[in-house]
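1. Sequence plus the predicted model coming up.
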Protein chains: 2
Amino acid sequence: MSKAGYRVAVLGATGAVGQQMLKTLERLEFPVESLLPLSSKRSAGKKVMFKGEELTVQEATPDSFEGIELALFSAGGSVSKAMAPEAVKRGAIVVDNTSAFRMDKDVPLVVPEVNEGDLHDHQGIIANPNCSTIQMVVALEPIRKAYGLNKIVVSTYQAVSGAGAEAVDEMYQQSGQVLNNEEVKPEILPVGGDKKHYQIAYNAVPQIDLFQENGYTFEEMKMINETKKIMHDDELHVAATCVRLPVETGHSESVYIEVEQEGVSVSELKELLQGAPGVTLQDDPQEQVYPMAVDAAGKDDVFVGRIRHDLDNTKGFHLWVVADNLLKGAALNSVQIAFSLEKLGLLGK
Amino acid sequence: MSKAGYRVAVLGATGAVGQQMLKTLERLEFPVESLLPLSSKRSAGKKVMFKGEELTVQEATPDSFEGIELALFSAGGSVSKAMAPEAVKRGAIVVDNTSAFRMDKDVPLVVPEVNEGDLHDHQGIIANPNCSTIQMVVALEPIRKAYGLNKIVVSTYQAVSGAGAEAVDEMYQQSGQVLNNEEVKPEILPVGGDKKHYQIAYNAVPQIDLFQENGYTFEEMKMINETKKIMHDDELHVAATCVRLPVETGHSESVYIEVEQEGVSVSELKELLQGAPGVTLQDDPQEQVYPMAVDAAGKDDVFVGRIRHDLDNTKGFHLWVVADNLLKGAALNSVQIAFSLEKLGLLGK
């Protein structure tokens, strides 16, 4: 049976995703008995709002998690690595929005519409997948279940808010500088921690996160590995090219898939996705109806359109998938995991 | 033997591409005896500069082409359809930058680095391919020639200058409006002649040109059909998703290919492209070296980077291809065709 409310902590409460977590917990009326906003030392003392109350953000220490039942983490991978085991030790379930634990085989990586059942195997930590992975698997899982899925080739069109609030500021600042014929001095994007920085305003930058030995970026490898893990299919072929754009919020994806079953039609796919959980179909080319980032921003669903048959491969299809990277791509999915945990009786035991 | 100079007309001389045609003829020192700038009635009387001289633009009529040896057209498909046969009738060779004749079997569709020899078959009109097609085939032809090519899946990231100077103005105007929290009222993009118009600033719009019956846009069908024609391979599998971005100049493309030959390595591809005509390799991930639109703008070459092996298919590779859509994508390619015609002794006969 559900409790009246849970003692919840949000770590990274002052960040772009943390702020959305607080708003989403409130908006979807997750049963919260008490809310503890936590942060790094740097942001401690700041105020955040929750259900009309002003709360003071506290510096996260291991003891912060005494008595906490649910902790939503979004304060960077190293913070998660240090703090998640401490929170679990003190009895909390951690839903972690960083990449720290996603590929650990003992950590379920969950998108509730796709693999909610994996939550039963949790050992204290549950990982929230990468933003660009989440929206893709929400759109593709109904297809995989119905017709099988052999191959995915995705090219992304990702918003700067995925790189944090400072990256958004940088984009708008550069936009103004270009408009005023002023010099642009990139300092953050494409990757705050990398050596070189490039203009994002009026540009498309084919780097998100650091490059790996194999020539792929870490973002691309996240999409590849996380998709296989969430769909429980190591044999699935997944390829990704991840690109940052001057868009504030809303990741778009051009997705090519090959299904297993022969004879699938576009109208079958449309019907399937129309009724799929978490999906809104926006697909009427003759009326110029298709998903766009500026429309998806602020909305919960994953928007799918431009579904069409490949002209050479009868098992091939193309889709355009758009979602709010801070909501379904991050905060909303974390809160949905919390609801799933509660529904499955896994919370507050 | 080459003549000292040719009598050249440029139709659409006041447009974005026409302007680049004049600049490119001058910059590359194409042998011009006389230059006649032509336009629609609306732009007639305007002044353009060529080799330091101010020329008055004249309204194009069939008789404008009397005595013209070479006519570069870039004034829209319907103008080309009406005027190109008239110019040919009067002895001119027409290099047409619209889609009017590209798929006619009697019209060579030429990218000089790829299929210069097709010029021998011309019957007066030569078509300049679509901007997004040109840069892709320049990058892929060396690979096709060396290793065979079975499949291309491309997702584009296209600049607004491809939609004309007014679209560029609209993008910058909308940018300013968003920065100032003013209402955005889209009037041109994604397609001037379509029913609905959408915000391009801080957005990604998956529509370039009008939708066809099959759910593809005309731009996507251009990439698919033109690529097969230029590469002389009807069996080649080509799929395209074309997306407009808030970038002024420089189309980027995320390209997935499958070669025919087994055992090709990334370093072989890099070596091949390093020496390929019209290609500059920019590919050093560890040093964050990859092509970007803002760098390619104003340059002649096609820039290729992020070359990497598909992780599942040994014959699969991914590339990132960027070029100036007004130069190699339009004006420069037209002028290069003119040079090729001269070299092959086909001009001024």
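-> Noted; the coordinates are in hand. Numbers count the residues shown, from 1 in each chain, chains lettered A, B, ... in the order given.
2. mind giving me the domain ranges of chain A?
-> Here chain A is described, according to automatic domain parsing, as comprising the domains A:6-128+A:330-343, A:133-325.
3. For chain B, find the nearest of those.
-> Each of these was scored for nearness to chain B using Cβ to the nearest Cβ, and the closest is domain A:133-325 (3.7 Å). Any C-beta I mention is one placed from the backbone N, CA and C, and that applies to glycine too.
4. In chain A, where is pLDDT below threshold?
-> Low-confidence segments of chain A, defined by pLDDT under 70, span residues A:1-2.
5. remind me, longest helix of it?
-> Of all the segments of type helix in chain A, defined by DSSP state H, the longest one is helix A:131-147.
6. Now do the strands for chain A: every range, in order, please.
-> In chain A, the strands defined using DSSP state E lie at A:6-11, A:32-39, A:47-50, A:53-56, A:58-59, A:70-73, A:93-96, A:125-127, A:149-157, A:237-241, A:251-259, A:279-281, A:302-309, A:316-323.
7. buried ones in the fourth one?
-> Read it as strand A:53-56. Residues of strand A:53-56 classed as buried: A:L55 (neighbour count, 16 or more other Cβ atoms under 10 Å in any protein chain shown).
8. cool, the third one as well?
-> Of the residues in strand A:47-50, those buried by neighbour count under the rule 16+ other Cβ under 10 Å are A:48, A:50.
9. just checking, what packs against that strand?
-> Judged by 3 or more Cβ pairs under 8 Å, 6 or more residues apart in numbering or on different chains; DSSP states H and E, the packing partners of strand A:47-50 are helix A:16-27, strand A:32-39, strand A:53-56.
10. could these go into CSV alongside distance to chain B?
-> Formatted as CSV, the helices and strands packed on strand A:47-50 follow (distance: least, Cβ to the nearest Cβ, whole Å):
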stretch, distance to chain B
helix A:16-27, 16
strand A:32-39, 29
strand A:53-56, 26
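11. Let me have these in TSV, adding distance to B:S175 as columns.
-> Shown next, in TSV, are the helices and strands packed on strand A:47-50 (distance: least, Cβ to Cβ, whole Å):
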stretch	distance to B:S175
helix A:16-27	22
strand A:32-39	33
strand A:53-56	36
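12. Please name the residues that touch A:D234.
-> A:D234 sits next to A:K228 when contact means Cβ atoms under 8 Å, 6 or more residues apart in numbering or on different chains.
13. and with 10 Å instead?
-> Counting by Cβ atoms under 10 Å, 6 or more residues apart in numbering or on different chains, A:D234 touches A:225, A:228.
14. Relative to the whole chain's centre, how far out is stretch A:167-174?
-> Computed by Cα atoms, centre = their mean, to the nearest Å, the separation of stretch A:167-174 from the middle of its chain amounts to 21 Å.
15. what residues does that stretch touch?
-> Contacts of stretch A:167-174 from elsewhere in the structure, counted by Cβ under 10 Å, 6+ apart, are A:16, A:159-164, A:182, A:184-192, A:197, A:199-203, A:244-249, B:175, B:178-179, B:202.
16. Kindly give a single PyMOL line that selects the buried subset of these.
-> Applied in PyMOL, the following selects the buried portion of those according to 16+ other Cβ under 10 Å:
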select buried, (chain A and resi 16+159+160+161+162+163+164+184+186+188+189+190+191+197+199+200+201+202+203+244+245+246+247+248+249) or (chain B and resi 175+178+202)
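17. For the closest residue to A:P142 other than its chain neighbours, grab the count of nearby residues.
-> Ranked by Cβ to Cβ, 6 or more residues apart in numbering or on different chains and with sequence neighbours excluded, the top spatial neighbour of A:P142 is A:A276, at 4.2 Å. Using other Cβ atoms under 10 Å in any protein chain shown as the criterion, A:A276 is surrounded by 22 other residues.
18. surely A:A276 meets A:V137?
-> No. Look at A:A276 against A:V137 with Cβ atoms under 10 Å: they stay out of range, at 11.5 Å.
19. So for those two, which residues contact both of them?
-> When contacts are counted by Cβ under 10 Å, 6+ apart, A:A276 and A:V137 have A:113, A:302 as shared neighbours.
20. Distance from stretch A:313-327 to the middle of the chain?
-> 15 Å.
21. on that earlier part again, turn the strands of chain A into JSON lines, columns for distance to B:F101.
-> As requested, the strands of chain A are arranged in JSON lines below (distance: least, Cβ to Cβ, whole Å):
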{"stretch": "strand A:6-11", "distance to B:F101": "62"}
{"stretch": "strand A:32-39", "distance to B:F101": "63"}
{"stretch": "strand A:47-50", "distance to B:F101": "63"}
{"stretch": "strand A:53-56", "distance to B:F101": "68"}
{"stretch": "strand A:58-59", "distance to B:F101": "69"}
{"stretch": "strand A:70-73", "distance to B:F101": "60"}
{"stretch": "strand A:93-96", "distance to B:F101": "58"}
{"stretch": "strand A:125-127", "distance to B:F101": "55"}
{"stretch": "strand A:149-157", "distance to B:F101": "31"}
{"stretch": "strand A:237-241", "distance to B:F101": "34"}
{"stretch": "strand A:251-259", "distance to B:F101": "30"}
{"stretch": "strand A:279-281", "distance to B:F101": "38"}
{"stretch": "strand A:302-309", "distance to B:F101": "27"}
{"stretch": "strand A:316-323", "distance to B:F101": "28"}
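22. Ok, which of those strands comes nearest B:V304?
-> With Cβ to Cβ as the criterion, B:V304 lies closest to strand A:237-241 of the strands of chain A, at 13.4 Å.
23. anything in that closest one near chain B?
-> Yes. Counting by Cβ under 10 Å from any Cβ of the partner chain, chain B is contacted by strand A:237-241 at A:237-241.
24. Also stretch A:99-112?
-> No. Judged by Cβ under 10 Å from any Cβ, stretch A:99-112 makes no contact with chain B; its nearest approach is 15.0 Å.
25. which non-adjacent residue is nearest A:K51?
-> Of all residues not flanking A:K51 in the chain, A:E26 sits nearest, at 5.5 Å (Cβ to Cβ, 6+ apart).
26. can you check A:E54 too?
-> Nearest-residue entry for A:E54: A:K47, 5.0 Å, with adjacent residues in sequence omitted and distances by Cβ to Cβ, 6+ apart.
27. correct me, but that neighbour touches A:V57?
-> Yes. Counting by Cβ under 10 Å, A:V57 is a contact partner of A:K47 at 7.1 Å.
28. Residues that sit against both of those two, list them.
-> Overlap between the neighbourhoods of A:K47 and A:V57 consists of A:14, A:37, taking contacts as Cβ under 10 Å, 6+ apart.
29. my read: A:E69 touches A:V95, true?
-> No. Using Cβ under 10 Å as the test, A:E69 is too far from A:V95 to be in contact (11.6 Å).
30. shared neighbours of the two, anything?
-> Common neighbours of A:E69 and A:V95 are listed as A:L341 (criterion: Cβ under 10 Å, 6+ apart).
31. Between the two, which is the more surrounded one?
-> When A:E69 and A:V95 are compared for neighbours, A:V95 comes out ahead with 27 against 20, by other Cβ under 10 Å.
32. Tell me the buried residues in stretch A:60-68?
-> By neighbour count with 16+ other Cβ under 10 Å, stretch A:60-68 contains the buried residues A:60, A:64-65, A:68.
33. restrict the residues you listed to those near chain B?
-> Applying Cβ under 10 Å from any Cβ, the subset of those adjacent to chain B is empty.
34. okay if I get those as a markdown table plus distance to B:G124?
-> A markdown table is the format used below for the buried residues of stretch A:60-68 (distance: Cβ to Cβ, whole Å):
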| residue | distance to B:G124 |
| --- | --- |
| A:A60 | 75 |
| A:S64 | 79 |
| A:F65 | 79 |
| A:I68 | 79 |
